[in-house]
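> take a look and give me a structure for this.
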Amino acid sequence: MTAHDVRVSGTGKLAYDSAQRSTRRLDDPEILALARRLVVFNVGGEQIAALMDLARKSIPMLTSAEVVQRVASYNPDCFWAIAHRDKFNVNAPAGEGYVSFLPLTKQGLSQLLDGTLDRRNPPLSVISAQHEKPAGIYVWHVYAPGKLAAGAPLVMQKMWTLHRHDVDVYSWSINSEAARFVEGMGFRLAPKLAGSTAPQFHLFRRSMARHQETTLCAMPSPLSPDLRISVRVARTVDDFMRAAVLRGAVFVGEQKCPYDEEFDGNDFTATHLIGYVGDEPAGCLRIRYFADFAKLERLVVRKEFRGRGLARKLVSSAVEFCRTKGYTRICCYAQKRLTAFWNKSGFSISDGQREFVFSDFEYIEMVCDVKRAARTISFETDPYVVIRPEGSWQEVGILERSKARGARLSTAEGAAA
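Residues are numbered from 1 along each chain as shown. Predicted structure coming up:
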């Protein structure tokens, strides 16, 4: 069940009214700014039980704490507590509200849509593990009294990791007020999904049709309702050309950088991330790797797409990508006029405060120290995972599927070939 009733969130009037007035999507940076006085975090079993006891006063039919604890033990990303920042104590973290999710397998999503999923006591077999890419994400419970309701988008950001960035989010609204609330955050009524009749469901679309993965459409109209932001790893020559055109437009065109300085000989030793608004390439970023740090560089966003949060999305995706590769120190050489942006993205000026000039701008070294990802790609990682396409380590790759053919060539024949 999903408790989106406005009454459940202590009449959550601030977030509700804001959603009604602005109809901003969950991934809109201005919505996320509403939550700057809040924190979200994982909690243990006792805290889950305490928060659910609190929520049960407003949601009498809420499922048992034992069920939620079981699900959160299997995948900790299923339960996120919310608290006011000024009340939060890292030594004794205590939540005041929460949001819980069910990241569903293909079978689980099918059962959700056809009504056969036991939402009060879902089997673990239909829930994706933390490192797996789900087929869909279901907003299970929401309890966010008063101003805590503004924390819902902040919690959703936790589900925007690299392997979930294009997974659709589903909501079940218990009445018309709840429906208007989620519609104000970018969800759309989805009466028919995957051939199933689901009049009570709302959908937050983040996926892309199969043909759109290789064919880019013309730039969407500014009035288009589907201007979702996504980030993808460049894997083809066409992808790199998109990055080159974007950088040419901004660095060479706008900033008058000489061609040979912009395309400096490092592009084919790097990873490129491309940011899309709808289906249009709108920004990009380059990552290079060294012994004990990774470096983010060449971050651009086309002028007509600025102010949507794409630059921040590119940086956060790059940081997560580097963490998965095992890096704990990430640096950038920031134009001094842009240090505030990098500060907000988690970077700070390095202890050495190294400053320098190139290509007509003043730069300063900034760093972001992070923890390695829980599922870092290391020497101990399954070889079939290592050979998957970069950034898609949670999805079965083409080489992995080829094992079904077996080894048709002997060692001697393979060497001769």
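> for whichever strand or helix holds V67, name the packing helices and strands.
Applying DSSP states H and E as the criterion places V67 in helix 65-74. Using 3 or more CB pairs under 8 Å, 6 or more residues apart in numbering; DSSP states H and E as the contact test, the elements touching helix 65-74 are helix 45-56, strand 79-84, strand 97-104. Where you see a C-beta, it was placed from the backbone N, CA and C, and this is true even at glycine.
> quick one: mean pLDDT over it.
Mean per-residue pLDDT for helix 65-74: 94.
> pull out the buried residues from that helix.
A65, V68, Q69, R70, V71, A72 (16 or more other CB atoms under 10 Å).
> look up how far K295 lies from the fifth one.
In this view, V71 and K295 are 39 Å apart by CB to CB, to the nearest Å.
> swap in T116?
For T116, the distance to K295 (CB to CB) stands at 49 Å.
> neighbour count: those two, which is higher?
Using other CB atoms under 10 Å, the more surrounded residue of T116 and K295 is K295, with 20 against 9.
> what packs against whichever strand or helix holds that one?
For K295, the host element (DSSP H and E) is strand 294-301. Strand 294-301 sits against helix 237-247, strand 280-289, helix 310-324, strand 329-335, with contacts defined as 3+ CB pairs under 8 Å, 6+ apart.
> contacts for it next, please.
Strand 294-301 is contacted by residues 246-247, 249-251, 275, 282-289, 310-311, 314-315, 318-319, 322, 325, 327, 329-333 when judged by CB atoms under 8 Å, 6 or more residues apart in numbering.
> for the record, mean pLDDT for it?
The pLDDT scores in strand 294-301 average 96.
> touching, V385 and W393? I think so.
Yes. With contact defined as CB atoms under 8 Å, V385 and W393 form a contacting pair (5.4 Å).
> quick check: the gap between A129 and H163.
As defined by CB to CB, A129 lies at a distance of 11 Å from H163.
> how about C332?
To H163, C332 is 24 Å away according to CB to CB.
> which one of those two has more residues nearby?
Legend: neighbour count by other CB under 10 Å for C332 and H163, higher for C332 (23 against 20).
> give the bridge partners for the more buried one, please.
According to DSSP bridges, the residues that bridge with C332 are L296, M366.
> which ones are touching it?
Taking CB under 8 Å, 6+ apart, we find C332 in contact with K295, L296, E297, L299, W342, F347, E365, M366.
> okay, now the unreliable bits of this structure?
1-36, 160, 162, 174-178, 180-181, 184-185, 190-200, 207-227, 410-417 (pLDDT under 70).
> quick one, helices of this protein?
When assigned using DSSP state H, the helices of the chain occupy the ranges 13-22, 29-33, 45-56, 65-74, 106-114, 152-157, 176-183, 237-247, 259-262, 310-324, 339-344, 383-386, 398-401, 411-416.
> most tightly packed of the ones you listed?
The highest mean neighbour count among these, using mean count of other CB atoms under 10 Å, belongs to helix 152-157: a mean of 24.
> just list what it packs against, helices and strands only.
Counting contacts by 3+ CB pairs under 8 Å, 6+ apart, helix 152-157 packs against helix 29-33, strand 38-41, strand 79-84, strand 97-104.
> ranking these by burial, who's on top?
It is strand 97-104: most buried of the helices and strands packed on helix 152-157 by mean count of other CB under 10 Å, with a mean of 26.
> contacting residues for A49?
Neighbour list for A49: A65, Q69 [criterion: CB under 8 Å, 6+ apart].
> re the thing from before, and the strand holding K295 with strand 329-335, angle?
Strand 294-301 runs at 40 degrees relative to strand 329-335, counting by axes from the mean of the first three to the mean of the last three CA atoms, to 10 degrees.
> got the angle for strand 294-301 vs helix 237-247?
Using the same axes, to 10 degrees: strand 294-301 against helix 237-247 is 70 degrees.
> check the offset of strand 294-301 from the chain's centre.
Centroid separation between strand 294-301 and its chain, computed with CA atoms, centre = their mean, to the nearest Å, is 18 Å.
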